[in-house]
Structures are given as C-alpha cells and as structure tokens.
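> no sequence for this one, just the structure:
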C-alpha cells in the first residue's frame, strides 16, 4: 500500500529543525497546530449534520450506533462509546476495535491490514438495516475499516466514514462521507495528533447531537445521567436544581421519590405532579422533558 500521496503522511518544511527547537517554542507550535482542527471540522458541518440525522433515525427505531476502526481511530471510537452510557443512559452505542478490546491497551496494529477481519467483526455483532456503522480511518483506506463498512453496507446498515484526507476510498464506500482535512502532522505521519483530535471531535459531535435530538438533554443539562457514584449523584442533584430553581432539599426529595431519575424529578417539580404522572408524561412524550412539562421556560 502506497500512502505517500496522503496529506496526513506529508512533511512540513517549516518543521525541518523541530528537534533543535526549545521546549516553549515546541509547545506553542503544537498548540497553534491544533487550531486548524475546529476550522476543518466546521467546514464539514453539512455532511456531519446529515450523518447525525441518519443516526438519529436509526436510534429512534431501536437500532445501534457502531463505531469501527483500527489503531488510534478504533480507540477513539471505543472511547466515545464507553463514555456515552453514564452521560446519556444508553447502551446502544458500541465500539469495535481491530484486535478486540485488548488492543486498547496493547497495540495490535497488524490487524488493520485484514479486511476480512473487519467484515467478520461486523458480522459477529449481527449488524443489520436497523443499525448505523461509522468507519473511522485517518488515511481513509485502512483495509480492516473498509472491510467492516462494506459488510455493514451489504447488511443494509446506514454507513458513515470519518477520514482526514480528501476523496478517500472510505468516502466512496459509505452513505455519509465526512472528510476533516487537517493537513500534515507536527510529526510526519503521526495521525494520533491533529487527525486524532479531528476524529474525536467528529465522534463527539455525532453521538452528542444524536442524544440531544433524542431528548437526552433539557437545554444543556444531561438529564439522563446515570448517577452511579458520588460525583454523579451530586451532579444529578445540581441538574435538578438548575432546571427547576428548587431548593436543594426539595430537589433531593424529588430525586428520592423518582428513584434517582433526573428527568422524572424535574417534571414532578416543574409541572407539580406526582411521580406516576411525571412518569406517564415522559413516556407519552418519548422522554422529552420540555414536552412533558408543556414547554415551560
């Protein structure tokens, strides 16, 4: 495989003396380098929004959002997937990493060359037309990831591609291509840097905005938080207080009555209804707090 034509593999002439520079200068250059990431992502707002809408349609029907990739790309997908359950109370975001979960700690980069393994791993998840599969590859041509999205497409799933080069093979094989072109890296070819930041930004955007569109927030508050430790229980209480302007003691009582459900406690307090009525309203409005309280400011 010849990667020499990829922008992510190019060198930057202005950094030919990188190893001779002082630490403060290097820090400044790296920080400045990262500024291009958000700009490049903003330029892809349209394709990202289209992908979000397609993912929302899948999740609304009970399907899954599946991230798949190798190396850094796969680890970023796994990271986004494992962080969603406590934040949004969902188990329908899944990360698939070439080499299995163990490759998150011990490098198994050779697996990325195996397209058949990518197809196999998608099959093992029993991916179907009810799912959305996001293939992640900075180069846009990683065999494992291409094999995975090809198999997902064959099974009828919605497919999204996230890469950091233009006109990639991955983009040509998916329904929703997203190309965040951030240019050559601080260290030539080290796509865990700008390309990694760009991929993480896109994945955060896909999952977060899908959750917002599915009623997992009330304004900017994470009202579906799973309060499974002291920090999250404190956050749950503060969310109820922020949403309702109730005194902390009243918010705490509402949470206790609602068995820890932040959404239910908010509806109880804002609509001044019982836990049973709050539960009924939320079910009727598919979990949207704003609708359950009558769109009260």
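Sure thing, it's come through. No experiment lies behind these values; they were computed from the predicted model shown. Numbers count the residues shown, from 1 in each chain.

> What segments of the stretch 51-200 of the chain are helices?
71-88, 115-124, 143-154, 169-173, 194-213 (DSSP state H, counting those that start in this stretch).

> I'd guessed residue 26 sits against residue 18; true?
Yes. Assessed by CB atoms under 8 Å, residue 26 is found in contact with residue 18 at 7.2 Å. To be clear about C-beta, it is placed using only N, CA and C from the backbone, and glycine gets the same treatment.

> just for the stretch 151-297 of the chain, where's the confidence low?
The stretch 151-297 of the chain contains residues with pLDDT under 70 at 296-297.

> Show me where it has its strands.
Listed in chain order, the strands of the stretch 151-297 of the chain (DSSP state E, counting those that start in this stretch) span 158-163, 176-179.

> okay if I get those as TSV plus distance to residue 8 and mean neighbour count?
Formatted as TSV, these follow (distance: least, CB to CB, whole Å; neighbours: other CB atoms under 10 Å):
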stretch	distance to residue 8	mean neighbour count
strand 158-163	9	29
strand 176-179	11	22
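
> can you pull the contacts of the closest residue to residue 54 other than its chain neighbours?
Leaving out its chain neighbours, the residue that sits closest to residue 54 by CB to CB, 6 or more residues apart in numbering is residue 158, at 4.9 Å. Neighbour list for residue 158: 54, 55, 57, 58, 131, 132, 133, 175, 176 [criterion: CB atoms under 8 Å, 6 or more residues apart in numbering].

> On the pLDDT front, check the fifth one for me.
Among the per-residue scores, residue 131 holds a pLDDT of 98.

> How about residue 33?
With respect to pLDDT, residue 33 has a value of 87.

> where's it, which helix or strand?
Per DSSP states H and E, residue 33 falls inside helix 23-42.

> Can you tell me what sits against that helix?
Here helix 23-42 has contacts from 15, 18, 21, 48, 180-183, 186, 193-194, 197-198, 201-202, 205, using CB under 8 Å, 6+ apart.

> how about that helix: buried residues?
Neighbour counts over helix 23-42 (16 or more other CB atoms under 10 Å) mark 33, 36, 37, 40, 41 as buried.

> Over to stretch 234-244?
Residues 235, 236, 237, 239, 240, 241, 243, 244 are the ones in stretch 234-244 that count as buried (16+ other CB under 10 Å).

> now swap in stretch 273-288 and tell me
Quick answer for stretch 273-288 (16+ other CB under 10 Å): 273, 275, 278, 279, 281, 282, 285, 287, 288.

> Now residue 159. Nearest residue, chain neighbours left out?
In space, and not counting its chain neighbours, residue 159 is closest to residue 174: 4.0 Å by CB to CB, 6+ apart.

> Pull the contacting residues for that neighbour.
135, 149, 153, 159, 160, 161.

> From residue 143, how far out is it?
Separation of residue 174 from residue 143 (CB to CB, to the nearest Å): 15 Å.

> Kindly report the same for residue 244.
Computed as CB to CB, the residue 244 to residue 143 distance reads 52 Å.

> Also residue 52?
Using CB to CB, residue 52 is found at 27 Å from residue 143.

> what's the answer for residue 271, then?
From residue 271 to residue 143 the distance is 54 Å (CB to CB).

> if you count what's nearby, which of these two comes out ahead?
For residue 271 and residue 143, the more surrounded residue by other CB atoms under 10 Å is residue 143, and the numbers stand at 20 against 16.

> Hmm, the more buried one is touching residue 113, no?
Yes. At 5.3 Å, residue 143 counts as touching residue 113 under the criterion of CB under 8 Å.

> From residue 206, how far out is the residue found closest to residue 251 once you drop the neighbours it is linked to in the chain?
Excluding its sequence neighbours, the residue lying closest to residue 251 (CB to CB, 6+ apart) is residue 240, at 4.1 Å. From residue 240 across to residue 206, the span is 28 Å (CB to CB).

> low pLDDT regions in the stretch 1-150 of the chain?
Ranges of the stretch 1-150 of the chain meeting pLDDT under 70: 1-4, 103-110.

> switch the cut-off to 90
Within the stretch 1-150 of the chain, the stretches with pLDDT under 90 are 1-19, 21, 30, 32-34, 99-113.

> how does the chain divide up, domain by domain?
7-213, 230-292 (automatic domain parsing).

> so which of those domains gets nearest residue 221?
Closest of the domains of the chain to residue 221 is domain 230-292, at 4.9 Å (criterion: CB to CB).

> residue contacts, the nearest residue in space to residue 236 that is not next to it in sequence?
With sequence-adjacent residues excluded and distances taken as CB to CB, 6+ apart, residue 236 is closest to residue 227, at 4.2 Å. Residue 227 makes contact with 233, 235, 236, 260, 262, according to CB under 8 Å, 6+ apart.
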